Structures are given as structure tokens and as C-alpha cells.
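>>> Okay, predicted coordinates and the sequence, questions at the end:
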Amino acid sequence: MTKDFLSVLDFSSEELLKTLKLAKEIKAHPGDYSDALKGKTLALIFEKPSLRTRTSFDIGIQQFGGYSLYLSPAEISLGKRESVYDITKVLERMVQGIMIRTFGHNIAVEMAEHANIPIINGLTDYTHPCQAMADFLTIHEIKGELKGLNVAYIGDGNNVTHSLMFAAARFGVNMTVASPLGFEPNARAVLLAKQEAKKTGAKINIIEDPWEASKNTDVIFTDTWTSMGQEEEAAMRRKVFSKYQVNDAMMANADNDALFLHCLPAHRGEEVTDSVIDSKASVVFQEAENRLHAQKAIMYQLMK
Ligand code: CP
Ligand code: NVA
């Protein structure tokens, strides 16, 4: 059976730590890996827009001596022009891995069930596991040991939140999520994260008060209030989330050395102020660069 990366929970704590270690090694010595996936092709299926995911997978596979093949929504029209099953069975005859960014998580799961090549989740409505790996790589680079850290996520309980909770659980990191009522992370994801957290001693808490969550924390994460596909709710969401902005006062409420992370794209003036995203605490561009290194480590392990 081929191994996939659809969720952070597809990897054990040991495998995730090994992935971070490998990512650091590849980042430090990229030239040593220039033939790692020589001649192999990764198909990139995008049903939603992207800057970071597209560029980092595209460049990452090329830096390994491989090729990428970008497939736009208009080109393959997943599930409409052709079934997910047929697309998977055709692609596996020609490429050695598939990265997919889509809406329903079930589409990526279905692809993985049928494929005899690895499937990598480049974001679904449910999770964004590659982002969580880049985020914890960034925190690891700056803070050292992950176990025992306290992190806070302020805002919409979305795909990014779910993957961060899963990663926190696996790495032994305590995570508090503060979301308005009705916008909490998915109940099943919370249950799963709490269950997995027991194994590492991490605590996962879901609360409403962003000030309680950010108090003395080592890291503050946020993300857009309106995810791709929810554009029609943008005005309503701006009202609901208005007290969840990460601003100077909220950063001052955190630990003195607290970091600010955001997967980007950011909506400056909404979920984060310019003063925070452009401050010394902000590591958002290191975080964006680490998408490349983290995903190279993931591709290496799945496609080598
Ligand atoms: N963070 C992230 O996934 O960015 P893109 O949507 O630009 O790929
Ligand atoms: N939650 C955001 C993440 C973008 C990278 C979205 O799904 O649009």
C-alpha cells in the first residue's frame, strides 16, 4: 500500500519529527538532494487558487530533479468531465505522485483509496496538513524544542486550525483555540485531536475568549475570516470576527518573545493589523519559505 499525506494524523509523532529533521537537513544542504526524485513527475491538481502551494510544490520537485504537471480546474473538471476514480487511474499510469487542492476532503480520500501512487493534500475544506508542517518547522527553528510549548489560534475554526490541532497533539504542544460561537473547529476534529493529544500529554482547548487564549502564549496563529469558497459570507464574517483581530494589544497579552504566524494570504486590517504582521514577532515569510522545505521532506519520504 502506498503512503499518503492527507492529514497530519497519517504520520506518527516519530514520523513527523523525522520529517521536520529531514526538512532542516534538506534546507541546509539542498544540493545533496538534487537527484532525489530524478525523472519523477508530481501532478498538481488545483480546484482553488494558490500562490504558496503552487510555487513550493512546483519548485520543490524540480529541485529534486523531477517535474511537475499543473492541472487547472478548467482542464480536468474533477468529478464533472470525468469521475475522480477514472482521473486517478489515468494519472497513476503517468505520474509518480499527486498533490490535490480541492473542496471536499472526501475527494482526496477517494483518490487515495484508488491510487497506487502517493496522494498529498494541498488543502481541502477540512485540512491543510502541509501548512501545519511548515508552521511547526518554523517554530522549531526559532524556539527549539516543541514539546511543552503553548500556542493560541485566534479566529475561524477552519482547515488550517484542524491541521494545527492535529500537529499540536502529535508534537506535545498545548493549543488553545479561540473562536466565536458557531465558528469553532469541527467537533469531530476536536475530538480526534484531544484523543491523540492524550498520547503526548498535550492539552487542546476550544474557548470563546481571544484574550484568555492569547494570555502569556508562546505563539499566536490566525488565518483569514473567510476561506476560499465562503466569499458570499465575507461581510457577515467581518462582523462576527471583529473582536478576534490580532493587534498590538493582543500581542502584548502574549509572552514577551511570542511569535506571530499566518499561513497567508492575509487580509491586513481584518484578522491582523499591519503593525503585527510587519513586526519583529511576525515570522510569516520564513513560514511561507518553509512550505518548500517541509514539502520536500514529505515528497522525499513518500515518492523516493
Ligand atoms: N498558505 C497557502 O496555502 O497559500 P496559497 O493558498 O497561496 O497556496
Ligand atoms: N483557510 C484558508 C487557507 C488558505 C491558505 C482557506 O481555506 O482559504
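Happy to help now that I have it. Numbers count the residues shown, from 1 in each chain. Ligands and ions are numbered 1, 2, ... in the order given.
>>> can we go C-alpha only for contacts and neighbour counts from here?
Noted.
>>> if I pick Glu271, what's in contact with it?
Residues in contact with Glu271 (Cα atoms under 8 Å, 6 or more residues apart in numbering) are Gly155, Thr222, Asp223, Thr224, Trp225, Phe241, Tyr244, Gln245, Val246.
>>> Also Trp211?
Neighbour list for Trp211: Met250, Asn253 [criterion: Cα under 8 Å, 6+ apart].
>>> Could you give me the buried positions within the helix or strand of the chain with the lowest mean pLDDT?
Ranked by mean pLDDT, DSSP states H and E, the weakest helix or strand in the chain is helix 73-76, scoring a mean of 85. Residues of helix 73-76 classed as buried by neighbour count (16 or more other Cα atoms under 10 Å): Ile76.
>>> That helix: how far from the chain's middle?
Relative to its parent chain, helix 73-76 has a centroid offset of 24 Å by Cα atoms, centre = their mean, to the nearest Å.
>>> What's the first helix or strand after it?
helix 84-91 (DSSP states H and E).
>>> Can you give me the buried ones in that following helix?
Buried residues in helix 84-91 (16+ other Cα under 10 Å): Val84, Tyr85, Ile87, Thr88, Leu91.
>>> closest to ligand 2 among these?
Ranked by distance to ligand 2 (Cα to the nearest ligand atom), these are led by Val84 at 21.2 Å.
>>> For the closest one, list the residues it contacts.
Contact partners of Val84, counting by Cα under 8 Å, 6+ apart, are Leu78, Ile107, Glu110, Met111.
>>> which of those residues are buried?
Buried among the contacts of Val84 (16+ other Cα under 10 Å): Leu78, Ile107, Met111.
>>> which residues sit against the one helix or strand Ile26 maps to?
Assignment of secondary structure by DSSP H and E places Ile26 within helix 13-28. Helix 13-28 has contacts (Cα under 8 Å, 6+ apart) with Asp32, Tyr33, Met133, Leu137, Arg170, Phe171, His293, Ala294, Gln295, Lys296, Ala297, Ile298.
>>> quick one: buried residues of that helix?
Of all the residues in helix 13-28, those buried under the rule 16+ other Cα under 10 Å are Ser13, Leu16, Leu17, Thr19, Leu20, Lys21, Leu22, Ala23, Lys24, Ile26, Lys27.
>>> got a list of what Leu149 touches?
Residues near Leu149 by Cα under 8 Å, 6+ apart: Gly172, Val173, Asn174, Asp218.
>>> Drop anything exposed from those residues.
Gly172, Val173, Asn174, Asp218.
>>> now, which of those lie close to ligand 2?
Contacts with ligand 2 within these, counted by Cα under 6 Å from any ligand atom: none were found.
>>> Tell me which of the residues you listed fall in strands.
If you go by DSSP state E, those have Asn174 in strands.
>>> rewinding a little: which two in the contacts of Leu149 are spaced the farthest apart?
Gly172 and Asp218 (14.0 Å; Cα to Cα).
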